[in-house]
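# I'd like to go over a predicted model; first the sequence, then the structure.
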Amino acid sequence: MNLVVISHKPCWMSTNSISGYVTDGGFPLQMAILSELFDQTTLLLPVQKSTPDAGMLPLTGSNLRVRPLGQLPNSQRERRLYTIPWLALNSFKILNEIMAADAVHIPIPGDIGTIGMLLAQLLQKPLFVRHCGNWDRRLTLAERFWRWYMERYAGGKRVFMATGESPVPPSQKNPNIQWIFSTSLSEKDIETFGAILPKQLSNPVRLITVGRQESGKNTGKIIRSIPLILNKGIDIHLDVVGTGTQLVKLQELAIQLKIENRVKFHGRVDHHSVFKLLQNADIFCFPTDSEGFPKAVVEALACGLPVIATPVSVLPNLIGDSAGIILRDKSEDAIAKAVIQLCSDRANYSRLSLQAKLIARNYSLERWSNVISMRLSAQWGDLKSYVTQ
């Protein structure tokens with residue numbers, strides 16, 4: 001079976017990749033293991049003309065190829081203006097690839113994926129849609145449309161999954177929609193980074209947050225919590241990993257609070273270096289406003305970090321009271337109190353650290369692939385041709 005994947009995920013040309021392209025995040029790792037399920041996998045992705053940042057991962061896999069789509073602007077405002085001419089230039093290529101494929105995979109949210117999803121349904125192709133955002137968030141017209149579409153059409157050869165985890169199914173309207181977790185950790189990664197030994201708090205205590213530095217991540221509140229923690233006599237440092245539109249403002253905030261020597265901004269960091277930083281940290285802080293299934297939290301758990309997080313999406317089920325603290329509110333006061341609580345009871349800290357590692361073992365890429373494989377095979381039949389010797 002030949003699968004085509006259509007996504008808004010940007011990629012960059014690179015001679016360091018067998019496919020000729022690289023990208024960031026967990027996407028290349030997920031596509032590599034997903035490609036092992038099929039005879040051939042084609043990725044339709046917008047290609048950026050800029051030089052790729054250091055540490056990006058190659059887009060490779062089993063018989064995996066990348067078909068480049070035209071570049072899209074980074075800003076949402078420019079993107080809306082450019083959508084119609086972009087479609088005029090790229091829709092024929094998307095249509096041809098869908099027609100040539102045996103099945104189509106669409107990760108949403110995303111405008112390009114939405115176009116591919118509608119074309120695949122029009123051509124009556126077996127369709128696998130994976131909703132990767134916050135399933136419960138329906139603030140925008142697009143968010144409401146994606147949920148309506150999935151609840152309306154899931155079933156049969158249209159296999160729809162929502163990123164998250166809960167004892168309650170994603171939809172009461174359509175039981176064919178099922179949960180799927182998200183991860184970037186292989187079983188080898190989990191074994192390497194998550195030996196079953198509890199961490200001990202270091203001195204100074206190292207707090208870390210990882211992700212896109214946007215307003216909804218509330219990294220500013222973590223920074224504002226640092227003076228409150230210092231006032232309680234706890235020697236603490238904060239590592240901020242990731243880039244985004246708020247990065248400069250966050251750097252300025254640290255200077256204003258006179259804690260610039262306590263906060264280190266790492267910017268974009270490659271996959272392996274993120275793990276090194278997590279292994280050297282003590283507590284992971286994630287007071288986000290909205291989330292799907294955050295891979296960064298799973299990575300932190302695998303490294304034995306108790307997690308301080310907001311009661312958003314899957315986080316209460318993932319962390320509960322056994323692997324960290326769920327905040328009652330996301331204020332700097334609440335964050336500071338949670339950090340102080342973890343630092344004040346070292347025996348409890350070690351217990352949470354050990355439980356964090358055990359939880360992470362349930363979320364490997366191999367298990368992710370097996371869950372998807374079983375669901376797709378049940379509806380589509382054999383995904384791969386096997387030649388008997």
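Okay, I see it.
# secondary structure element for Arg130?
strand 127-131 (DSSP states H and E).
# which other helices and strands does that strand contact?
If contacts are counted by 3 or more Cβ pairs under 8 Å, 6 or more residues apart in numbering; DSSP states H and E, strand 127-131 sits against strand 103-108, helix 111-122, helix 141-153, strand 158-163. The way it works is simple: take the backbone N, C-alpha and C, and place the C-beta from them, glycine included.
# quick one, which of the ones you listed gets closest to Pro73.
Closest to Pro73 of these is helix 111-122 (Cβ to Cβ; 11.7 Å).
# pLDDT below threshold where in this structure?
Within the chain, the ranges that satisfy pLDDT under 70 run 74-80, 194-198, 386-389.
# now find how far off-centre the longest helix belonging to it is within its chain.
Longest helix in the chain, counting residues (DSSP state H): helix 76-100. Here helix 76-100 is found 25 Å from its chain centre; the criterion is Cα atoms, centre = their mean, to the nearest Å.
# equivalent analysis for stretch 229-239, please.
For stretch 229-239, the gap between its own C-alpha mean and the chain's C-alpha mean amounts to 29 Å (Cα atoms, centre = their mean).
# hang on, the earlier thing: need the helices and strands packed on strand 127-131 in a markdown table (columns: mean neighbour count and distance to Val4).
Shown next, in a markdown table, are the helices and strands packed on strand 127-131 (neighbours: other Cβ atoms under 10 Å; distance: least, Cβ to Cβ, whole Å):
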| stretch | mean neighbour count | distance to Val4 |
| --- | --- | --- |
| strand 103-108 | 24 | 5 |
| helix 111-122 | 20 | 8 |
| helix 141-153 | 16 | 19 |
| strand 158-163 | 24 | 15 |
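# can I get those in TSV with distance to Asp282?
As requested, those are exported to TSV (distance: least, Cβ to Cβ, whole Å):
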stretch	distance to Asp282
strand 103-108	33
helix 111-122	38
helix 141-153	36
strand 158-163	28
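# between those, which gets nearest to Pro294?
Of all those, it is strand 158-163 that lies closest to Pro294, at 9.7 Å by Cβ to Cβ.
# domain parsing for this protein?
2-183+365-380, 187-360 (automatic domain parsing).
# show the end-to-end separation of the longest one, please.
So the one you mean is domain 2-183+365-380. Across domain 2-183+365-380, the terminal residues are separated by 12 Å (Cα to Cα, to the nearest Å).
# could you do the shortest one as well?
Domain 187-360 has its terminal residues 10 Å apart, counting by Cα to Cα.
# stretch 171-191 now?
By Cα to Cα, the extent of stretch 171-191 from end to end equals 35 Å.
# pull up the pairing partners for the strand holding Arg130, direction included.
Paired neighbours of strand 127-131 in the sheet (DSSP bridges): strand 103-108 (parallel), strand 158-163 (parallel).
# can you give me the helices in this structure?
27-35, 76-100, 111-122, 141-153, 187-193, 219-230, 247-256, 271-279, 295-302, 315-319, 332-344, 346-360, 365-380.
# mind listing residues that contact stretch 143-162?
Contact partners of stretch 143-162, identified using Cβ atoms under 8 Å, 6 or more residues apart in numbering, comprise 108-109, 114, 117, 121, 126-131, 133, 135, 137-138, 170-171, 173-174, 176-180, 372, 375-376, 379-380.
# same thing but at 7 Å, please
108-109, 121, 126-131, 135, 137-138, 170-171, 173-174, 176-180, 375-376, 379-380 (Cβ atoms under 7 Å, 6 or more residues apart in numbering).
# can you give me the first-to-last residue distance of that stretch?
One end of stretch 143-162 to the other measures 13 Å (Cα to Cα).
# thought Pro316 was touching Leu327?
No. With contact defined as Cβ atoms under 7 Å, Pro316 does not count as touching Leu327 (10.4 Å).
# compare those two and say which is more crowded by neighbours.
For Pro316 and Leu327, the more surrounded residue by other Cβ atoms under 10 Å is Leu327, and the numbers stand at 21 against 14.
# what distance do you get for that one to Ile359?
Applying Cβ to Cβ, to the nearest Å, the value for Leu327 to Ile359 is 18 Å.
# and the nearest residue to Val269 once chain neighbours are set aside, what does it touch?
Closest residue in space to Val269, ignoring its immediate chain neighbours: Val241 at 5.4 Å, by Cβ to Cβ, 6 or more residues apart in numbering. By Cβ under 7 Å, 6+ apart, the contact set of Val241 is Ile208, Thr209, Val210, His266, Val269, Val274, Leu277.
# in PyMOL, how would I select just the buried ones from these?
To isolate the buried members of the contacts of Val241 in PyMOL, using 16 or more other Cβ atoms under 10 Å:
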select buried, resi 208+209+210+269+274+277
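# strands - which of the contacts of Val241 land there?
Of the contacts of Val241, the ones assigned to strands by DSSP state E are Ile208, Thr209, Val210, His266.
# what sits against the first one?
Listed by Cβ under 7 Å, 6+ apart, the contact partners of Ile208 are Asp239, Val241, Leu277, Leu278, Ala281, Phe284.
# if we use 6 Å, what do you get?
Counting by Cβ atoms under 6 Å, 6 or more residues apart in numbering, Ile208 touches Asp239, Ala281, Phe284.
# tabulate these (a markdown table), appending distance to Leu201.
Formatted as a markdown table, those follow (distance: Cβ to Cβ, whole Å):
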| residue | distance to Leu201 |
| --- | --- |
| Asp239 | 15 |
| Ala281 | 11 |
| Phe284 | 13 |
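# just the buried ones from these?
For these, buried by 16+ other Cβ under 10 Å: Asp239, Ala281, Phe284.
# ok so, going back, return the member of the contacts of Val241 nearest to Val298.
Val298 has its nearest neighbour among the contacts of Val241 in Val210, at 11.0 Å by Cβ to Cβ.
# from Leu3, how far out is Ser14?
Per Cβ to Cβ, Ser14 is found 23 Å from Leu3.
# isn't Gly133 right up against Phe293?
No. Contact criterion Cβ atoms under 6 Å: Gly133 and Phe293 do not qualify, at 9.7 Å.
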